[in-house]
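> The sequence isn't on hand, but the structure is:
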């Protein structure tokens, strides 16, 4: 490809970093995947190996862009966890990060002349779906990936809701009570994530049967084969997901909800029961469309790139004034 202006985009996950160099028109001029180091608590601040690997990826992608004749305009990095927008620090249990100064580390590595955007991975994925995917054309909608965990990207009155970095943690709202409630990694009991995430499906099936399964994928295979324990675990997940979507619909009135993450691979086995369950429960509320997200695993990286280009445009607008 001819040399052009690009942004560096990195989507940091618990096991992999999805990386790219992305032009202003959205063309991905380079993509690669890197392993995320195992999270190990560290006396220097927690999860230091992961932060070092993230910084290294960003620096080396910038170097590659320069070597290929491209000009790097900005850097977009998206991560899981809670991001304090005021300080650029991140707390993410699966990365062993507690108030980790991610933005400062990135800025120090690349220099002040290249702007760095740090955002939540799910909000970035939702932004990509809003700009180019299943939520295009909506002003009130939600992106809900069902993967190892559960979080939501909320679009309200045309704006992506950040809540200073804290918004969208639908997976940590309580929908299970009494003896059936399990403790969540967040410390609460009965969270949506303890029943309806991909990790929960595998764990709950194993607890119910004493069998170890190869993740949610195998549970879905057993479900298709008529396994009654898989059916019960799946029905439990659908029930709390319907509860969550009815609550969200009542409060925020989305016109469309795009389901993503690993569980959307179940297709209509997931989507149609959600549609039916919501339809049966709603009375006066506006009923949303329930659709599959379309950008898949690239959503976070593409969202990171779009946010970086938005930063470039905003800076140029300020300079013009």
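Received the coordinates, thanks. Quick caveat, the model's predicted, so the values are computed rather than measured. Residues are numbered from 1 along each chain as shown.
> Phi and psi next, for residue 101.
Here is the backbone geometry of residue 101 (degrees, to the nearest 10): phi -80, psi 70.
> thought it was touching residue 91?
No: the pair residue 101 / residue 91 is not scored as a contact, 11.3 Å apart, by CB atoms under 8 Å. Any C-beta I mention is one placed from the backbone N, CA and C, and that applies to glycine too.
> Surely residue 69 is within a helix?
No: counting by DSSP: H, G, I helix; E, B strand; the rest coil, residue 69 is not part of a helix but coil.
> pretty sure it is touching residue 3, no?
Yes: taking contacts as CB under 8 Å, residue 69 lies within contact range of residue 3: 3.3 Å.
> residues touching the residue nearest in space to the middle of the chain, list them.
Note on the chain: the residue nearest the mean C-alpha position is residue 122, at 2.5 Å, using CA atoms, centre = their mean. Residues in contact with residue 122 (CB atoms under 8 Å, 6 or more residues apart in numbering) are 80, 143, 145, 151-153, 168, 300.
> again, 10 Å this time
Residue 122 sits next to 78, 80, 143-145, 147, 149-154, 168-171, 260-261, 299-300, 303 when contact means CB atoms under 10 Å, 6 or more residues apart in numbering.
> what about residue 182, distance to residue 199?
Distance of residue 182 to residue 199, computed by CB to CB, to the nearest Å: 12 Å.
> again, but for residue 257
For residue 257, the distance to residue 199 - CB to CB - is 21 Å.
> more neighbours, those two?
More crowded of residue 257 and residue 199, by other CB atoms under 10 Å: residue 257, with 25 against 17.
> The more buried one belongs to a strand?
Yes: secondary structure of residue 257 (three-state DSSP): part of a strand.
> What pLDDT does the model give it?
If you check residue 257, the pLDDT there is 98.
> returning to that earlier point: shared neighbours of residue 182 and residue 199, which are they?
Common contacts of residue 182 and residue 199 (CB under 10 Å, 6+ apart): residue 193.
> Identify the bridge partners of residue 118.
Taking DSSP bridges, one finds residue 77 as the beta-bridge partners of residue 118.
> What of residue 143?
For residue 143, the beta-bridge partners are residue 153, residue 258 (DSSP bridges).
> The nearest residue to residue 89 once chain neighbours are set aside: neighbour count?
With sequence-adjacent residues excluded and distances taken as CB to CB, 6 or more residues apart in numbering, residue 89 is closest to residue 99, at 4.7 Å. Other residues near residue 99 come to 13 when the count uses other CB under 10 Å.
> do residue 214 as well
The burial count for residue 214: 9, using other CB under 10 Å.
> Distance check, it against residue 208.
Per CB to CB, residue 214 is found 16 Å from residue 208.
> In the stretch 201-321 of the chain, what residue spans correspond to strands?
256-260, 289-292 (DSSP state E, counting those that start in this stretch).
> What residues sit buried inside the shortest one?
Put plainly, it is strand 289-292. 290-292 (16 or more other CB atoms under 10 Å).
> now the strands: where do they sit in the stretch 1-150 of the chain?
So, for the stretch 1-150 of the chain - with DSSP E, counting those that start in this stretch - the strands run 5-12, 16-23, 28-35, 71-79, 82-84, 89-92, 97-100, 116-120, 141-145.
> so what secondary structure elements neighbour the last one?
Yep, that's strand 141-145 we're talking about. Contact here means 3 or more CB pairs under 10 Å, 6 or more residues apart in numbering; DSSP states H and E; on that basis strand 141-145 packs against helix 121-132, strand 153-156, helix 228-252, strand 256-260, strand 289-292, helix 299-320.
> Over to the second one?
Applying 3+ CB pairs under 10 Å, 6+ apart, one finds that strand 16-23 makes contact with strand 5-12, strand 28-35, helix 48-67, strand 71-79, helix 299-320.
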